[in-house]
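> With the sequence up front, the predicted model follows.
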Amino acid sequence: MHSHFPGPASSDPPPTLCTRRGRKLPKRRRTNSLSTPMLQGGHRLSKLWRSPITPLFNLCHRLLINFKFSSLSQAKGLDSLDEECEEFLPWLERKAGVEISSVLSIGKSAYGRSLFASEIIRTGDCISKVPYSVQITPDNLLPKIKALLSNKVGTVAKLAIILLVEQKMGQDSEWASYISCLPQHGEIHSTIFWSEYELDMIRQSSVYQETINQKSKIEEDFAAVVPVLEQFPEIFESITLKDFMRAYFLVTSRAWESTKGLSLIPFTDFMNHDGVSDSIVLFDEDKKLSEVIADRNYVPGQEVLINYGNFPNATLPLDFGFTLPYNIHDQVQIHFNIPYHDCLREMKLELLQQHSTPKLKDAINCSEDTFLIKEVRSPRGKGKGLPQSLRAFARVLCCTAPEELSDLAMEAAQMDGRLARQPLKDSRRELLAHEMLLSHITHLMQKYDVAIKSLAPANFPSMSKKFALRRQMAHDLLTGELRVLNSASAWLNNYCAALRATIHCQSQ
Ligand SMILES: C[S@@+](CC[C@H](N)C(=O)[O-])C[C@H]1O[C@@H](n2cnc3c(N)ncnc32)[C@H](O)[C@@H]1O
């Protein structure tokens, strides 16, 4: 579902998309009539490029060859054709020398520009093919600039510089038609552009700190490129950090990562995101083009959506400048400390370090004491429970004697090497460990509750459209994270109740 932003003001144009970079996707065989041998799914840039924390996004999407109509698109039809971009596709096709799409046109949606069906589209149809020759990659960087950039300057910054160069060239740029359609400052709602007051709304979420880290990273990159830009005053005169931030955001929100590296794909990057769509951008290395296959039927006028990836609301506002009101991929980061007064602290830290867990599907051990939890779907003990790594940490934390820690180490050696994955033999100790988790999570839930209640009322009369939208994003983020915590708490309550019953029976 699209996030529901209160109607954007004319002075507040729509926000921008973010792209993410991650691990490579497995090769997939295409099953449609075009019989391209091997295609590779591209994926968006993510926090992976800015943080050592590596969330495991499941980016593999199966194309469903069935006939379903997009309820989202039906609800959000073509508001109006985008006159400013009317010439965009013919221009790009002339530049590419081939047809790119005969079934899509650019229009205005509730969330900025978007692509709409101009003809009937059926599941499995190839709806756009953008040749590599009209994609923008770091190779497009002017050699004289490239030669001066240090190795420290990454591909995102390089693409950002290309956008700045082309923008400065105005109508002389070969990309002028594309550059002029990209979102302007007022249309971007990534948290990196939020005021201190706005950011304060999400202080409770890890997105707050990640935003600060991201801003520092962009500042660092800017500091590294400024000496080079200064060599070309005719091109870069009066480029500010704010300009660089916008260009940087345009890259992180619109570029795809594939085996051929990072690329901006004009036209395809006008597609909006649907978290449940099975359409992704595919890269055909043989034919040297990127294409999109429809995962459902569309009638003319319907908005055509793709999936940027399984991104939680903890990722979308920073990288893409929007949130989803109910995001099934939501997750929350929680931290635990081993108290300094714990006389086994050093031993526990050492043990955890020795057994530092490999990344799990359902939880990522960000550091020894930081965990990422997703919605626990079954509070009745079936299906996924709480991340094993978190429960293991709690078991270690609850040990009160060195022998208990040695027992855990021995058990790990006898099993698969992973620490404290089995319930503790002493049910009381197992209960204690989980009650400690429950109490921590309950405390966090109270904090989220306070943060949500302290958001300005949604219908506050003098609220600007921009602030109302960002407030709604903060609300979506916090309520999503609270929902995850709630599910964890329900799971823990259930587990603790079962343990209490066992202990009760044992004591009879
Ligand atoms: C790559 S662009 C897509 C085209 C974009 N609408 C434009 O005007 O250029 C991504 C941006 O579209 C908007 N967007 C995409 N999917 C959205 C969604 N599901 N809900 C809200 N905004 C969305 C966000 O503003 C995001 O930053």
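Noted; the coordinates are in hand. Residues are numbered from 1 along each chain as shown.
> and Trp234, how many residues sit next to it?
Quick fix: residue 234 reads Glu, not Trp. 6 (other C-beta atoms under 10 Å). C-beta here means a position set from N, CA and C on the backbone, and glycine is covered the same way.
> Can you give me the pLDDT of it?
On pLDDT, Glu234 comes in at 87.
> phi, psi of it?
Dihedral angles of Glu234 (phi, psi; degrees, to the nearest 10) stand at phi -70, psi -30.
> Can you give me the buried ones in the helix or strand harbouring Ile441?
Per DSSP states H and E, Ile441 falls inside helix 427-453. Neighbour counts using 16 or more other C-beta atoms under 10 Å place 427, 429-438, 440-441, 444-445, 448, 451-452 of helix 427-453 among the buried residues.
> what helices or strands is it leaning on?
Where contact means 3 or more C-beta pairs under 8 Å, 6 or more residues apart in numbering; DSSP states H and E, helix 427-453 is packed against strand 331-335, helix 388-397, helix 465-507.
> Quickly compare those and say which is most buried.
Across the helices and strands packed on helix 427-453, averaging neighbours per residue (mean count of other C-beta atoms under 10 Å) puts helix 388-397 on top, at a mean of 23.
> Following the chain past it, name the next helix or strand.
helix 402-414.
> how distant is that following helix from the center of its chain?
Going by C-alpha atoms, centre = their mean, to the nearest Å, the spacing between the C-alpha centre of helix 402-414 and its chain's C-alpha centre is 38 Å.
> report the angle between the axes of the helix holding Ile441 and strand 331-335?
120 degrees (axes from the mean of the first three to the mean of the last three C-alpha atoms, to 10 degrees).
> quick one: average pLDDT of helix 427-453?
pLDDT averaged over helix 427-453 gives 97.
> Adjust the sequence numbering to begin at 59 for everything that follows.
Renumbered: residue one is now 59, and that last one reads helix 485-511.
> measure Glu254 to Ile260 for me?
Per C-beta to C-beta, to the nearest Å, Glu254 is found 12 Å from Ile260.
> Looking at these two, which one has more neighbours?
Ile260 (26 against 6).
> just checking, that one touches Thr537?
No: using C-beta atoms under 8 Å, Ile260 makes no contact with Thr537, being 11.6 Å away.
> Where do the helices of the stretch 209-358 of the chain begin and end?
Taking DSSP state H, counting those that start in this stretch to define them, one finds helices in the stretch 209-358 of the chain at 213-227, 234-237, 254-258, 264-287, 291-294, 299-312.
> Need these in a markdown table (columns: distance to Ile431).
Compiled in a markdown table, the helices of the stretch 209-358 of the chain are given as follows (distance: least, C-beta to C-beta, whole Å):
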| stretch | distance to Ile431 |
| --- | --- |
| helix 213-227 | 29 |
| helix 234-237 | 40 |
| helix 254-258 | 23 |
| helix 264-287 | 12 |
| helix 291-294 | 45 |
| helix 299-312 | 25 |
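> TSV for those, including distance to the ligand?
Shown next, in TSV, are these (distance: least, C-beta to the nearest ligand atom, whole Å):
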stretch	distance to the ligand
helix 213-227	13
helix 234-237	11
helix 254-258	16
helix 264-287	15
helix 291-294	24
helix 299-312	5
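> Could you tell me the least trusted of these?
Among the helices of the stretch 209-358 of the chain, helix 291-294 scores lowest, at a mean of 87.
> Any regions of the stretch 109-258 of the chain where pLDDT drops low?
The model of the stretch 109-258 of the chain has pLDDT under 70 over residues 109-139.
> and if we set it to 50?
Applying pLDDT under 50 to the stretch 109-258 of the chain flags the ranges 109-134.
> And the strands in it?
138-139, 162-167, 170-175, 184-189 (DSSP state E, counting those that start in this stretch).
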